[in-house]
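>>> what follows is a predicted protein model with its sequence.
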There are 2 protein chains.
Amino acid sequence: MNAAGRPPTIYDVARLAGVAPSTVSRAFSRPGRVSSQMAARVQAAANELGYRANAAARALQTGRTATIGLVVSDVTNPVHFGIIRGVEEAASQAGYTMLLADAQESEPHERTAVERLLPGVDGVVLASSRMSDRAIRAVAKQRPLVVLNRVVPGSRSVVSDTEAGVRSALAHLHGLGHRSVTYLAGPEASWADGRRWRALLDLGPEFGLRTARVASSAPTVSGGLAAARDVLRLRPTAVIAYNDLLGIGLLRGLAEAEVRVPEQISVVGFDNIFGSDFCTPALTTVAAPLRAIGTEAFWELHRLIDRQPLRTHPVLTLPTQLVVRDSTGVRAGSGSRRRKAAEGT
Amino acid sequence: MNAAGRPPTIYDVARLAGVAPSTVSRAFSRPGRVSSQMAARVQAAANELGYRANAAARALQTGRTATIGLVVSDVTNPVHFGIIRGVEEAASQAGYTMLLADAQESEPHERTAVERLLPGVDGVVLASSRMSDRAIRAVAKQRPLVVLNRVVPGSRSVVSDTEAGVRSALAHLHGLGHRSVTYLAGPEASWADGRRWRALLDLGPEFGLRTARVASSAPTVSGGLAAARDVLRLRPTAVIAYNDLLGIGLLRGLAEAEVRVPEQISVVGFDNIFGSDFCTPALTTVAAPLRAIGTEAFWELHRLIDRQPLRTHPVLTLPTQLVVRDSTGVRAGSGSRRRKAAEGT
DNA sequence: GTGAAAGCGCTAACAT
DNA sequence: ATGTTAGCGCTTTCAC
């Protein structure tokens, strides 16, 4: 507090230290441009007064806020836990504050959220965005942008290695004697969904696996539960779900229909979220390095904001790993005696 | 963009509309103080230019940011899903942006997070804070503040009705023939933990229930898993866990120890989080109206920020509800024939 | 290396 | 009801 009972400003610090306000400013924002003794003197005065730079004033002058926005498609999807933690960790390390916005699995909601937060941030991370490429490019035109779990031409992104993940899952199922696999699909607007289905289609033949596809109403537990009927209609021996939420829901739906997993149907999910280890049976899943995706995304954004040199390739791909649990087993009537086969990649 | 290639300001709008900059300012921030025709004229000009108020400039002048901070003890605890959604929903309805900070279940972390976000917000909501009353009061001295799931003398807060919740759980267990109940405790720094244990102690006798207490290392699934050994040492017939995370962990620990639930031990949790319905067995739990807690907290904060009249009582208590699932059953050897008894309050 | 002064975009007296 | 004007606290030329 200064004499007027308001927080101290650089003027207060300058007066106490017997220097010019501009020097105080430099001491804080351009540490190199001030002599070390001057720096010490200013620091001492600032500490004595409890000075803290006013972010609004700095932002007004520089146009930078030291804040980045993270928009997630759905905060209540545990897949975002790791991403949130990762981004936040890297951001605070770099002196940035993270603003989190929730798109509530709705494209209009997401647009509104982005629009609201855009003016107040130096850059944006879009996680599992449901917006169109066009809309994303429009955002990128306004602020530095990094996209997660998606590739948008012209934008930088961080993704997990879908192909390797799908391949390991298929290898695993093939090893268990399965001859076909049904994909329980995610949202139309999800890039990852398209990518996973594509990989299934491309790689299935490699393992002699036929493929089928069933839609879901929402990438949630209840969506999976509701989809069980449609899945059963195809009488599959193995299902790969777009994500763990759907996988867990499907498990429940199958249990309700008294279909035994994995004896009658094997189920594989994606992401390895909270809960995939304690549902029944525990879910076999393709784990993504979520936290690393978050930190990498932030640093990439940071380089963009600071106009630092970038990698040549705009897409950073991080490895996935198959986590084998109890929801996958040998195909019913396959004659194989092995309960659990090779675990893929 | 204006002539200089920068975003339009009130000066650009004023020039186009042929009015004074202050009139433009008023048209946006004090809609009542301009004539309706003037408002229309300014709006038209603003739309034509694509004018958006500069938040930093406004904040610099007024000291208000139209942003509030929400600090949660742990974003990866699903108990916060509803709270986050609730706060965010109300905030955006009121034209506020929500800044989310994660304390990562650590008191120092929480202090840092609060300190970082405090200067940039008009008010703060602290959810399940692990800070001391003293530290919280220090925050309240700097900004309007609402506390969740906790009562801090001198501060406004929103809590769920612990006593009623505990009472309904005890009535349920008593009805199932249990004669004692063991409490699996949460973090020392948790106010809710103290409150729940206190209620158990106070209300136990009412139902002829003896009480015991076992500590946990962390209010997480792994904390509950690890605590199973200590719990078993007491040979309880019923356990009430501080929260569902611990409850789910305990369930797993008991399963590993081949103790059957609910046949040998009944388990009750708190919160009714994501996952408590699909763990095995599904967890009986005291559900809190999380989303409502969030929205109420925001509106209370809003009143604080706007210096509007407040309720006389600083603590708003919201009702809880017992959700009976499969983790509770009649006491082993109790002779009772009922599988499921009355469900309490 | 340090100081002086202008101005970022907005709001709020004050004046008319 | 609208215009004029003076800052809010900071950074950034431009001098020295």
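Arrived safely, thanks for sending.

>>> residue in the stretch 101-250 of chain A nearest to DNA strand C?
Closest residue of the stretch 101-250 of chain A to DNA strand C, CB to the nearest atom of the strand: A:Pro119 (10.0 Å). All C-beta atoms are positioned from the backbone trio N, CA, C, and that covers glycine.

>>> that residue reaches B:Tyr51, doesn't it?
No - A:Pro119 lies out of contact with B:Tyr51 (CB atoms under 8 Å); the separation is 11.8 Å.

>>> give me the more crowded residue out of those two.
More crowded of A:Pro119 and B:Tyr51, by other CB atoms under 10 Å in any protein chain shown: B:Tyr51, with 21 against 15.

>>> reduced to three states, what does the more buried one come out as?
Following DSSP: H, G, I helix; E, B strand; the rest coil, the label given to B:Tyr51 is coil.

>>> partner residues bridging A:Ala101?
Residues in a beta bridge with A:Ala101, per DSSP bridges, are A:Val71.

>>> could you verify my assumption that A:Val159 touches A:Val146?
No - A:Val159 is beyond contact range of A:Val146, at 11.0 Å (criterion: CB under 8 Å).

>>> which of the two has more neighbours?
A:Val146 (28 against 20).

>>> what pairs with the more buried one across the strands?
So, taking DSSP bridges as the rule, A:Val146 has A:Val125, A:Arg156 as bridge partners.

>>> for it, report the pLDDT, please.
In this model, A:Val146 is scored at 98, pLDDT.

>>> measure it to A:Gly269 for me?
According to CB to CB, to the nearest Å, A:Val146 stands 26 Å off from A:Gly269.

>>> can you give me the strands for the stretch 51-200 of chain A?
A:67-72, A:97-102, A:123-127, A:145-148, A:156-160, A:180-184 (DSSP state E, counting those that start in this stretch).

>>> redo these as TSV? Include distance to B:Ala14.
Shown next, in TSV, are those (distance: least, CB to CB, whole Å):
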stretch	distance to B:Ala14
strand A:67-72	29
strand A:97-102	31
strand A:123-127	31
strand A:145-148	33
strand A:156-160	39
strand A:180-184	57
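
>>> could you tell me the least trusted of those?
strand A:97-102 (a mean of 91).

>>> which bits of chain A sit near DNA strand C?
Chain A comes close to DNA strand C at residues A:18-23, A:26, A:33-35, A:37-38, A:57, A:60-61, as judged by CB under 7 Å from any atom of the strand.

>>> and those, which two are furthest apart?
Greatest spacing in those, by CB to CB: A:Gln37 and A:Leu60 (30.9 Å).

>>> looking at the two, which one has more neighbours?
Set A:Gln37 next to A:Leu60 and count neighbours by other CB under 10 Å: A:Leu60 wins out with 17 against 8.

>>> touching, that one and B:Gln61? I think so.
No - assessed by CB under 8 Å, A:Leu60 is found out of contact with B:Gln61, at 9.3 Å.

>>> what's the helix or strand for A:Thr317?
Using DSSP states H and E, A:Thr317 sits within strand A:315-318.

>>> counting contacts, what elements does that strand pack onto?
Secondary-structure packing of strand A:315-318 (3 or more CB pairs under 8 Å, 6 or more residues apart in numbering or on different chains; DSSP states H and E): strand A:156-160, helix A:290-305.

>>> I'd like these written out as CSV, with distance to A:Pro219 added.
Formatted as CSV, the helices and strands packed on strand A:315-318 follow (distance: least, CB to CB, whole Å):
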stretch, distance to A:Pro219
strand A:156-160, 16
helix A:290-305, 16
